[in-house]
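1. Fold the following, please.
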Amino acid sequence: MRKYFLFLLTMVILVLAACSNTGETVDTSAPAEGDGKEAASGDKGDITVAYFSAGASNNYLQTGIQEVEKVAADYGWKVDVYDGGFDPLTQLNQVQNAVAQDKYDAFLIEAVDGNQLCDIVQSEVLPKGIAVSAINIELCGAIDEAAEGTLTFVGGQGVNIYEDIYKNIVENNPDGGKIAVIGGPSTGTPYLNNVKGMEKIIAPDDKWEIVGPFSTDYTANQAFQVAQNAIQANPDLKVIFSNYSGMTNGVVEAVNAAGKKGEIKIYDFGGDEWSFNAIQNGDIEQTVIMLPKEEVQRGMEAIKLHFEGKDVPTFYDLTTEEILPGTPYVNKDNIGDFEAKGLPEY
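-> Alright, predicted model coming up:
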């Protein structure tokens, strides 16, 4: 009787279990929801991207971060933003951690130091099948070109741009004189390209004497101190070139504080709202437009084209964008042409 009772009890349990089964089969080998791998072999509308920003401490970078989030939302993708803090080691660790998470389909990289990231991109990122777009800073020493194995490079701060800036400075100041050159972090491609342009155009010209170049963290406070020291040490300083508007306003403050407005000419790179106003006010001679929105848009566009199986341009030149009025160089004579195009954008 006891065995019969146990048999009936077992049958009841089996029947109840069968009644509670929904008939669905769970594939325990499938990726967890939201890890981004669903898009790797199926619908390309669901992609997970890691955006490695060089930093987040100024308007240019913040505009780029806002734009990447907007573009991702438009595409129906997910994006995680990593703030590199202008520290090459911090960014390297961020990339390593992102690779270890095994959830990203693509990396959009704005490198602090494109050479330092080269090894991990080549040895760990690309072998995992992660698509890579580089913006603003080239990877692996490539020049206006995608590094080996990566999709594209989006840039507008090549050596040729800096050469043109210095050519313009020489043309507008035929008597020459002392020029102070102020840049961002010394490991960054913009700083290195700036120096290369300076060495090619200014250094061989006997009419010019270079003060610097000086490396900063792109902040106005540090640029103010550097410019103030340069002015004090060189009372006959004629020109200052600063390669980011966010720090050029510190340079303007230093020149004005020294009573040298109009005596020291200031040239800028950045093209933000402040620099446009500074041109109108006569505080700076020229700026070079930067397009943080288009920069991110093109980098994300390359990733989208890749997952759609389409050809991807290996280089997007931001200085030829249709939003520009035929030139990236803004001065008092042509500033209205830029404003008619809806610029600046940050």
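2. Can you pull out the low-pLDDT segments for the stretch 1-150 of the chain?
-> 1-45 (pLDDT under 70).
3. where do the helices sit along it?
-> 2-20, 59-75, 88-101, 118-120 (DSSP state H, counting those that start in this stretch).
4. Quick one: mean pLDDT for stretch 240-255?
-> Averaging pLDDT along stretch 240-255 yields 97.
5. Then stretch 161-176?
-> If you average the pLDDT over stretch 161-176, you get 96.
6. List the contacts of it.
-> The contact list for stretch 161-176, computed with C-beta atoms under 8 Å, 6 or more residues apart in numbering, reads 179, 193-194, 196-198, 200-202, 205-209, 238-239, 241, 243, 265, 267, 269, 285-286, 288, 319, 328-329. Placement of C-beta: from N, CA and C, glycine included.
7. Give me the buried subset of those.
-> 179, 193-194, 197-198, 201-202, 208-209, 238-239, 241, 243, 265, 267, 269, 285-286, 288, 319, 328-329 (16 or more other C-beta atoms under 10 Å).
8. residues contacting Asn256?
-> If you count contacts by C-beta under 8 Å, 6+ apart, then Asn256 has Asp283 around it.
9. Now do the strands for the stretch 51-200 of the chain: every range, in order, please.
-> Counting by DSSP state E, counting those that start in this stretch, the stretch 51-200 of the chain has these strands, from start to end: 78-83, 106-109, 131-135, 152-155, 177-183.
10. What of the stretch 201-346 of the chain?
-> 208-215, 237-242, 265-268, 286-288, 315-317, 329-331.
11. Distance check, Asp87 against Thr63.
-> Distance of Asp87 to Thr63, computed by C-beta to C-beta, to the nearest Å: 21 Å.
12. if you count what's nearby, which of these two comes out ahead?
-> Neighbour count, other C-beta atoms under 10 Å: between Asp87 and Thr63, Thr63 has more, with 20 against 17.
13. Is it correct that the more buried one is in contact with Glu294?
-> No: distance between Thr63 and Glu294: 10.7 Å, which falls outside the contact criterion (C-beta atoms under 8 Å).
14. Look at Asp272 and say how many residues are nearby.
-> Here the number of neighbours of Asp272 (other C-beta under 10 Å) works out to 26.
15. so it sits right up against Tyr244, yeah?
-> No: using C-beta under 8 Å, Asp272 makes no contact with Tyr244, being 9.2 Å away.
16. Rebuild the strands of the stretch 51-200 of the chain as TSV, extending it with distance to Glu301.
-> Formatted as TSV, the strands of the stretch 51-200 of the chain follow (distance: least, C-beta to C-beta, whole Å):
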stretch	distance to Glu301
strand 78-83	14
strand 106-109	11
strand 131-135	9
strand 152-155	9
strand 177-183	29
